[in-house]
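Novice: Here you go, sequence then predicted model.
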Amino acid sequence: MRLHPLALAVSACIFSVSQAAHAQQPAAVSETALRAHLSFLADDLLEGRGTGQRGGDLAVRYLETQAALIGLKPIPGGGYRQKVEIEGSKLLSGSATFTAGGKTFKPALGKGIVMGTKSGNENLSFDAPLVFVGYGAAAPEEKWDDYKGLDAKGKILVMMVDDPQPTAEEPNRFAGKAYTWYGRWVYKFEEAARRGAAGVLLIHTTPSSSYPWSVPANGFGNERFGLKGPGNPMEGWLHEDTARELFAAGGHDLDKLRAQAERRDFRPVDLKVAGHVELRSAIRPVEQFNVIGIVPGTDAKLKEQAVVYSSHWDHMGMAELKAGDDPKADRIYNGAIDNASGTAALLVMAAEAVKKPARRTQIFLWPAAEEQGLLGAAAYVANPVWPLAQTAADLNLDSLNFVGRTRDIGVAGAERSSLFETSSQVAKSMGLKIAPSTPDMSGAYFRADHFAFAKAGVPAFNVGSAVFSGDGHFEFEQHQNESSTNIKGFKDHYHQVSDAYRPEWDLSGMVQQAQFTLNLGYAVANAPGMPTWKKGEAFGSVKRK
């Protein structure tokens, strides 16, 4: 049969489009390369890739070398490094003395109170009254303000962790039983700093914070890091027993004030407690680097927009050898799963992206200092190499699957935007199911680098491993003390020296997770339009730069 010339032209056009679409799909990522990168990044040679430590410098040098070898394009200005100016602060000595009702209290440092400074000052001494501000939340979209009429300047603000709980009348306020951004300690410290507080003390309970007292006690016992800039003169945590004693001395019942703080008409309460704070700290500037490489897009117009893949390169580094410690004990926090796995995955994903570019530009970002509070990601968002208004999405990887292939993939947080529908389509094309969603009881969405993008208005989420495998061989669970969905058993090694690489690991599931993320990135990069936030999502109202 002889075809009409127009039919031949249409047929050729369809074939051409099909070829172009096929050319824009990524090839399979390499398990061999992933294993090689993972084993090196988690090696003792890199000393745990600690912020402000030699191992971190080695990790950055390795990543920028690999970026160049892969063929990633450097960022504007040349090179693959983006400077992140960080300030380290370590408490050398300190005390907090409280006076109320004729009594004086001096909680034991580390047991009754932990504290430090984000002011940049080595020596601080000040007096300030204590004011209870409930949850310390100012949420216009919830019609909630715990600071009503309060001038916070010069005051020590005492507040609860978590956010207002659901009621029978308002079962969905502050996301119901799930955590919101207002429940995170990071938000509470930032809000207090914006209001000029002299100090912030969070009342610790294990249920509200989702971790025991030992976590803030250990954290404040070591050097703490923050982006260079103004912060709270004093910030820390109160043990619940200490808080109860202080409230009672001022004539207040902690539980009654907690109950009042659950009401929308709550107002700040003067605790009638005077505080005197003395802090002596070692302050040092720390220069760290995000590592960034670019794959330019192929479409004349869409290449002006970009998809970001991110995964932090840092971990906990080497523990300081203290008096009485066994000098032969392992002090290296190798961070094989958290997060040499994600770091390695981005390298093998980038290698395939270079071979077959997508219509939109693709940016591979390895942020610094995630373990110190998402500092590298926050620094990138504050000074992006690509305009945030032209950034389609951020897809983050943190702590990947190391026990084998699964039948589903975790996309918690994707439901906030149209990324969920795209994720479902990509999962189906790979023969995967989307793992069942569970309430975010620990604020997991706010604990990984993607959140810096979401807070700036860019649709973003952390691509997790499966919640269950479906074949009975492996068991998975939502790990409540970490930012991503992790495999059952890993929680015993989370932030421990035992998170080390093992050659016997089956990395097929890690490859699967990396491939899904790359395929999802391509689906976003090749789509006609950019992802959008769901109606009513708070981050959707943020004006992007």
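Specialist: Everything's here; your move.
Novice: quick one, helices of the stretch 401-545 of the chain?
Specialist: Using DSSP state H, counting those that start in this stretch, the helices of the stretch 401-545 of the chain run over residues 419-429, 450-455, 508-526.
Novice: Which one, of these, ends up nearest to Tyr147?
Specialist: helix 450-455 (20.2 Å; C-beta to C-beta). C-beta here means a position set from N, CA and C on the backbone, and glycine is covered the same way.
Novice: still on that earlier bit, with distance to Pro233 added, can I get the helices of the stretch 401-545 of the chain in a markdown table?
Specialist: Shown next, in a markdown table, are the helices of the stretch 401-545 of the chain (distance: least, C-beta to C-beta, whole Å):
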| stretch | distance to Pro233 |
| --- | --- |
| helix 419-429 | 40 |
| helix 450-455 | 25 |
| helix 508-526 | 41 |
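Novice: phi, psi of Thr391?
Specialist: Phi and psi for Thr391, reported as degrees, to the nearest 10, are phi -100, psi 120.
Novice: Isn't it up against Glu304?
Specialist: No - Thr391 lies out of contact with Glu304 (C-beta atoms under 8 Å); the separation is 10.8 Å.
Novice: who's more crowded, the two?
Specialist: When neighbours are counted by other C-beta atoms under 10 Å, Thr391 and Glu304 differ, and Thr391 comes out ahead with 26 against 13.
Novice: Spatially nearest residue to the more buried one (excluding sequence neighbours)?
Specialist: Nearest residue to Thr391, sequence neighbours excluded (C-beta to C-beta, 6 or more residues apart in numbering): Val458, at 5.0 Å.
Novice: Who does Asn462 form a beta bridge with?
Specialist: Asn396 (DSSP bridges).
Novice: pLDDT below threshold where in the stretch 351-500 of the chain?
Specialist: Confidence mapping of the stretch 351-500 of the chain against pLDDT under 70 gives the ranges 466-491.
Novice: ok, 90 please
Specialist: For the stretch 351-500 of the chain, applying pLDDT under 90 flags the ranges 402-407, 435-444, 447, 464-498.
Novice: The closest residue to Leu227 other than its chain neighbours - how many residues pack around it?
Specialist: Nearest residue to Leu227, sequence neighbours excluded (C-beta to C-beta, 6+ apart): Leu375, at 5.5 Å. Burial measure for Leu375: 29 neighbouring residues, criterion other C-beta under 10 Å.
Novice: ditto for Ser424
Specialist: Neighbours of Ser424 (other C-beta under 10 Å): 16.
Novice: and what of Glu170?
Specialist: 13.
Novice: so who does it touch?
Specialist: Glu170 is in contact with no residue at all, counting by C-beta atoms under 8 Å, 6 or more residues apart in numbering.
Novice: what about it, distance to Glu537?
Specialist: 19 Å (C-beta to C-beta, to the nearest Å).
Novice: in stretch 121-140, what's buried?
Specialist: Leu124, Ala128, Leu130, Val131, Phe132, Val133, Gly134, Tyr135, Gly136, Ala137, Ala138, Ala139 (16 or more other C-beta atoms under 10 Å).
Novice: who are the neighbours in contact with the fourth one?
Specialist: Okay, so that is Val131. Taking C-beta under 8 Å, 6+ apart, one finds Leu150, Ala152, Lys155, Ile156, Leu157, Val158, Pro268, Val269, Asp270, Leu271 in contact with Val131.
Novice: ok, back up a step: am I right that the residue nearest to Leu227 is in contact with Gly229?
Specialist: No - Leu375 is not in contact with Gly229 according to C-beta under 8 Å; the separation is 11.2 Å.
Novice: Show me how far the lengthiest strand in the chain is from its chain's centre.
Specialist: Taking DSSP state E as the criterion, the chain has its longest strand at strand 269-295. Once both centres are worked out by C-alpha atoms, centre = their mean, to the nearest Å, strand 269-295 turns out to sit 17 Å from its chain's centre.
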